[in-house]
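Visitor: Provide a 3D model corresponding to the input given below.
(one chain, ligands or ions: 1)
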Amino acid sequence: MAGSVVSDQLVVQSQSGPYTVYFDDHGMPDVARFDDRPSHCLIDANVAKFYRSEFRGLLAHRNTVVIEATEDNKSIENLIPVFQLLVADGIRRDHTLVAVGGGIIQDISCFIASTLLRGIQWRFIPTTLLAQADSCIGSKSSINLAGAKNILGTFKPPQDVYIHAAFLNTLESKDVSSGIGEILKVHAIDGEVAFDRLATDFPLLRTDKRVLQKYVRSALCIKRRYIEEDEFDRGVRNIFNYGHSFGHAIESATAFEVPHGIAVSMGMDIANDIAAERALIPREHYRRMHSTLRKNYAEYSLTSIALDAVLSALMRYKKNTTAELGLILPVGENASIQRVMIVPDDVFRSQFAAALARVRE
Ligand SMILES: NC(=O)c1ccc[n+]([C@@H]2O[C@H](COP(=O)([O-])OP(=O)(O)OC[C@H]3O[C@@H](n4cnc5c(N)ncnc54)[C@H](O)[C@@H]3O)[C@@H](O)[C@H]2O)c1
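Guide: Below is the predicted model of the structure:
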C-alpha cells in the first residue's frame, strides 16, 4: 500500500493514557506500519470494494473480516459470529484489532476489543465523515440489542487513529450530510459564534476540501475538551447527546432509513423548537439555527415518521429516568446546551408532535 506523509496530529488524554489522531489530507494509509504486532482487521465491505487495490494485501490476509456496515450487524446477536471468527483465527491478548470503516465498524471493533480476552488493543482508520469528525475520539462503543439502538456499550480508546481525507471522495451524499450533522452538533455545543461561523461556511463544506478539513479538526478539538474532562460520560460530556434522544427515536421509528447524523440534525431542530415552546430559549434561537439544520436534513424531511413509533422509541431512550425524560436542550439567553428533565405529559407530547410536523413541512 502506498505510504504517505502525515501532515499533523492531535493528542487526546484518556484514563488509559494518551492516544494520537494523525491527519493526512492527501494520501492513503500505510498499513505496513501496523506490523509491530500480529493484527486482525475488521473492514467495511464498501471500503473493501472501493479501495480494493489500496488494501490488496490486507484483504488477502486470513485475519481480515469484511463486514457490511448495517445497524443489524452491530447488534449483539450478529456479533457472535465475528467473535467466533477471531477466536478461530487465534487472536491473543497481545494482538491488535485494526478497524477500517465508519461509525458502525468502529462500534463493533471497539466493543470486541474491550470484551474479547478481557481487552486487546485496537487501532482505527475512520473512513466516513462522521467517524473522522466525531466518533473516532471518545472511547465509546455502542451496540444494539433486539432493536434497541446503542443500548450496550463499553469505553475503550483506540491505540491511535489515522484520518485520511481521501476516503471521503467515495462517500454517498447522505453520508456526507450525516457527518455534517455531527459537525453542526459539536459547533452548536461550542456556542453561538462557532455555530454561526459554520453556518456561513455551510455551502463550502461540499465544495472546498480545505474548509471541510478545517471543520473536521475544529470538531475534534472541541470534543477533546469534553471527553478529557469526562471520558466516561457521567457529567459534562452528556451534552454531546444534543439532538440524539430525538435523533435515535427517529432512526428507530424509520428502521434506520434516516442516517444517524441526519436524524441528529432533525433532533437538534426538534430540541430547539421544544425549548422555544417551553420558553427555555427565545424563539429567535430556533430560527437562527433552523435554516442550516433544515438544509442538512432536507432530503429526508418527507420520510414517513410515525408519531406513535417515534414517541415510544423516545420513551425507551437510555438517558431517561423512570419517570422523566432526560433531554439535552438549549437553555437561556445564550442557548447553552444542558440536560433538562421533562415529564412526558400531554403538553410535552403535543409540543413534540408539533415540532416533528414542522420538520416534515
Ligand atoms: N461510538 C461512537 O462514539 C459513535 C458516535 C457517533 C455515531 N456512532 C454510530 O456510528 C454509526 C454511523 O456511523 P457512520 O455515519 O460513520 O456510518 P456507517 O459506518 O454506517 O457508514 C455509512 C455508509 O458508508 C459506507 N462507507 C464507509 N466508508 C466509506 C467510504 N470511504 N466510501 C464509501 N462508502 C463508505 C458504509 O459501508 C455505509 O454504507 C451509527 O451506528 C451511530 O450510532 C457511534
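
Visitor: show me which residues of the protein sit near the ligand.
Guide: Residues of the chain lying near the ligand by Cβ under 6 Å from any ligand atom: 44, 46-47, 50, 69, 71, 101-107, 127-128, 130-131, 134-135, 138, 140-142, 150, 167, 170-171, 175, 178, 260-261. Just so you know, the C-beta spots here come from the backbone N, C-alpha and C atoms, and that holds for glycine as well.

Visitor: which ones among the residues you listed map onto helices?
Guide: 46-47, 50, 103-107, 130, 175, 178, 260-261 (DSSP state H).

Visitor: just put these in TSV and tack on neighbour count and pLDDT.
Guide: Below are those laid out as TSV (neighbours: other Cβ atoms under 10 Å; pLDDT from 0 to 100):
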residue	neighbour count	pLDDT
Asn46	19	98
Val47	22	98
Phe50	16	97
Gly103	22	97
Ile104	24	98
Ile105	28	98
Gln106	31	98
Asp107	28	98
Leu130	27	98
Asp175	22	98
Ser178	26	98
His260	28	96
Gly261	31	98
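
Visitor: include distance to Thr292 when you put those residues into TSV, please.
Guide: Shown next, in TSV, are these (distance: Cβ to Cβ, whole Å):
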residue	distance to Thr292
Asn46	28
Val47	29
Phe50	30
Gly103	22
Ile104	26
Ile105	29
Gln106	26
Asp107	27
Leu130	17
Asp175	19
Ser178	15
His260	18
Gly261	14
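
Visitor: let me see the ranges of the strands in this structure.
Guide: Ranges of strands in the chain, per DSSP state E, are 8-12, 19-24, 39-44, 64-67, 96-101, 121-126, 140-145, 148-155, 160-164, 325-331, 336-342.

Visitor: the fifth one: how far from the chain's middle?
Guide: The chain centre lies 17 Å from the centre of strand 96-101; the measure is Cα atoms, centre = their mean, to the nearest Å.

Visitor: now do the shortest one
Guide: Between the mean C-alpha location of strand 64-67 and the chain-wide mean there is a distance of 21 Å, by Cα atoms, centre = their mean.

Visitor: ok, so of the ones in helices among the residues of the chain next to the ligand, who is nearest the ligand?
Guide: Ranked by distance to the ligand (Cβ to the nearest ligand atom), those are led by Gly103 at 2.0 Å.

Visitor: so the closest one sits right up against Gly138, yeah?
Guide: No - contact criterion Cβ atoms under 8 Å: Gly103 and Gly138 do not qualify, at 11.2 Å.

Visitor: next one, pLDDT for the spatially most central residue of the chain please.
Guide: Central residue of the chain (Cα atoms, centre = their mean): Ser135, 4.4 Å from the mean position. Looking at Ser135, its pLDDT is 97.
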